[in-house]
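Colleague: okay, sequence plus prediction incoming.
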Amino acid sequence: MKSAQAWRLGMKDMQILPAPRQRGQLKKPTWIIVLVSLVSLFLVCAYVYPPQNSSACYVFSSQGCKALQSWLPPTPARELTDDEIASRVVIRDILDSPPRISTKAKIAFMFLTPGALPFEKLWDKFFQGHEGRFSVYVHASKDKPLHFSRYFINREIRSSKVVWGKISMVDAERRLLGNALKDPDNQHFILLSDSCVPLHDFDYVYNYLMYTNISFVDCFEDPGPHGSGRYIEYMLPEVEKKDFRKGAQWFTMKRQHALIVMADSLYYTKFRDYCKPGMEKGRNCYSDEHYLPTYFYMLDPAGISNWSVTHVDWSEGKWHPKAYRAEDVTSELMRNLTSISESVHVTSDERKEVQIKSCLWNGSERPCYLFARKFLPETLDNLMLLFPNYTNYTSI
């Protein structure tokens, strides 16, 4: 009896014990799934539809599109067209050939001018005593200039009309190169305008150009409206937007590079047809600013300096560089120009990014500039008084 009561009492105690709790169903980490999905979607969209302007890139990275591109898988290599293969075979063969050794190596000074050469007296003084180490070529697009210097007499080549911003400017450059290449002793080629003046003496210029293995072609990437904004898709497939570059037209180049410029018709045709003023959607493309920088960036980027050895002052922010007047030409100005050792590029997008680069000559920092423009004719007397004193501030 007692045992039965004890059993019922035990059962009663068990009934009042709290029931075991049921474990609630775990909540799924939905916010993590949503975040990963959004990031994945963003990367896929960025790969398939890359940003069309630099501002969009900076939304996600302070380093812009380059940082964004580093996250993405590499784009598969495009199969070259038959014309590209034929062109690149010729170009690569020229670049891989050993340079011609000349015991009488000369520099070709190629003057691109509408007519008169206001600084012929200064250049005459520059050339004196260095006969046999240079040659002169003049492309006068409007009027045949009258010369007094023996170095310029009968040095005009057949010339045609040149219009600023149009392919005729590139045609004139190629015409000068073609004529200068006929002399096998010409090993380096300099393009100069009628407003250019020398910043150093002849020996300095000769050694600077002849004892290095690169061409001084200006080239940089400008993602803004005056850079990549001038690109048009009709240049595809041979010229892609990612390769489109900008630079000043005033170059110096070694003989092998001059030869591949003359050998090119494929890329030249793309710029002739699709890089010109007054294009669709309000585009104004200037082939003399884009053809050679893009061409060398695509085909021999390690073979160029990425800066021009001709100095211009764009500080006024106009369509044309600062024009030096007589009162501007002082010893201090010329000393400053000859001592600049960094090249500067500024992009045309909203950020106005300033790209500064040391000028390295055979791996050592050296002054960037051998020539300068844009000097007005009225500066001649002051330049004649100062030359060659201002050329002695630096040496290689």
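Modeller: Thanks, I have it. Numbering: from 1, shown residues only.

Colleague: so what's the nearest residue to V344 once chain neighbours are set aside up against?
Modeller: Of all residues not flanking V344 in the chain, I356 sits nearest, at 5.5 Å (C-beta to C-beta, 6 or more residues apart in numbering). For the C-beta atoms, the positions are set from N, CA and C on the backbone; glycine is no exception. Contact analysis of I356 by C-beta atoms under 8 Å, 6 or more residues apart in numbering lists 342-344.

Colleague: and the pLDDT for I356?
Modeller: The per-residue pLDDT reported for I356 equals 96.

Colleague: partners of the one helix or strand it maps to in the sheet?
Modeller: Assessed by DSSP states H and E, I356 sits inside strand 354-358. In the sheet, strand 354-358 lines up against strand 342-346 (antiparallel) (DSSP bridges).

Colleague: report the buried residues of the partner strand.
Modeller: Across strand 342-346, burial judged by 16 or more other C-beta atoms under 10 Å covers 343, 345-346.

Colleague: if we can go back for a sec, make a markdown table from the contacts of I356 and add distance to V136 and pLDDT to it.
Modeller: Shown next, in a markdown table, are the contacts of I356 (distance: C-beta to C-beta, whole Å; pLDDT from 0 to 100):
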| residue | distance to V136 | pLDDT |
| --- | --- | --- |
| E342 | 31 | 96 |
| S343 | 27 | 96 |
| V344 | 31 | 95 |
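
Colleague: residue nearest the middle of the chain, spatially speaking?
Modeller: Taking C-alpha atoms, centre = their mean, the centroid of the chain lies closest to C219, which sits 1.1 Å from it.

Colleague: returning to that earlier point: put together CSV for the buried residues of strand 342-346, with distance to S287 on each row.
Modeller: Below are the buried residues of strand 342-346 laid out as CSV (distance: C-beta to C-beta, whole Å):
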residue, distance to S287
S343, 22
H345, 19
V346, 21
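
Colleague: closest one of the residues you listed to A372?
Modeller: S343 (13.6 Å; C-beta to C-beta).

Colleague: pLDDT at the nearest residue to that closest one once chain neighbours are set aside, what is it?
Modeller: Excluding the flanking residues, the one nearest S343 by C-beta to C-beta, 6+ apart is W307, at 3.7 Å. According to the prediction, W307 has pLDDT 97.

Colleague: run a quick neighbour tally on E238.
Modeller: Look at E238: counted by other C-beta atoms under 10 Å, it has 17 neighbours.

Colleague: tell me the secondary structure at it.
Modeller: Under DSSP: H, G, I helix; E, B strand; the rest coil, the three-state class of E238 is coil.

Colleague: ok, now P277?
Modeller: coil.

Colleague: state the number of residues packed around the closest residue to it other than its chain neighbours.
Modeller: Excluding its sequence neighbours, the residue lying closest to P277 (C-beta to C-beta, 6+ apart) is N284, at 4.7 Å. A count of nearby residues for N284, using other C-beta under 10 Å, gives 14.

Colleague: how close does N284 sit to K104?
Modeller: Remark: distance between N284 and K104 (C-beta to C-beta, to the nearest Å) = 44 Å.

Colleague: just the buried residues of the strand holding I356, please?
Modeller: When burial is assessed from 16+ other C-beta under 10 Å, strand 354-358 yields no buried residues.

Colleague: can I get that strand in PDB, CA atoms only?
Modeller: Below are the C-alpha coordinates for strand 354-358, written out as PDB (Å, rounded to 0.1, in the frame of the first residue of the first chain):
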ATOM      1  CA  VAL A 354      48.400  64.900 -62.300                       C
ATOM      2  CA  GLN A 355      50.800  62.200 -63.400                       C
ATOM      3  CA  ILE A 356      54.500  63.000 -62.500                       C
ATOM      4  CA  LYS A 357      57.300  60.900 -63.700                       C
ATOM      5  CA  SER A 358      61.100  61.200 -63.400                       C
END
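
Colleague: following it, which helix or strand comes up?
Modeller: strand 360-361.

Colleague: now the helices for this protein?
Modeller: Taking DSSP state H as the criterion, the chain contains helices spanning 2-16, 30-48, 54-57, 65-71, 82-96, 120-127, 167-181, 202-210, 255-263, 266-274, 287-299, 331-339, 380-386.

Colleague: how about residues contacting the fifth one?
Modeller: Around helix 82-96, the neighbours that count as contacts under C-beta under 8 Å, 6+ apart are 80, 238, 256, 259-260, 263-267, 299-300, 303.

Colleague: for those residues, give me TSV that also has distance to E131.
Modeller: Output for the contacts of helix 82-96, formatted as TSV (distance: C-beta to C-beta, whole Å):
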residue	distance to E131
L80	47
E238	44
Q256	26
L259	26
I260	30
A263	31
D264	33
S265	37
L266	40
Y267	38
L299	36
D300	33
G303	30
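
Colleague: give me the buried entries from these.
Modeller: By neighbour count, with 16+ other C-beta under 10 Å, the contacts of helix 82-96 hold 238, 256, 259-260, 264, 266-267, 299-300, 303 as buried.

Colleague: quick revisit: of the buried residues of strand 342-346, closest to D171?
Modeller: When the buried residues of strand 342-346 are compared for distance to D171 (C-beta to C-beta), H345 wins out at 26.3 Å.

Colleague: and that closest one, what does it touch?
Modeller: 220, 222, 354-355, 357.

Colleague: any chance of these in CSV with distance to K142 as columns?
Modeller: Shown next, in CSV, are the contacts of H345 (distance: C-beta to C-beta, whole Å):
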residue, distance to K142
F220, 32
D222, 31
V354, 37
Q355, 36
K357, 37
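
Colleague: of all these, which two lie farthest apart?
Modeller: The span of the contacts of H345, defined through C-beta to C-beta, is set by D222 and K357 at 14.3 Å.

Colleague: low-confidence ranges, the stretch 251-396 of the chain, go.
Modeller: Residue ranges of the stretch 251-396 of the chain with pLDDT under 70: 391-396.

Colleague: let's go with 80 and repeat that
Modeller: For the stretch 251-396 of the chain, the stretches with pLDDT under 80 are 316-319, 389-396.

Colleague: what do you get for the stretch 101-250 of the chain?
Modeller: For the stretch 101-250 of the chain, residues meeting the criterion pLDDT under 80 lie at 101-102.
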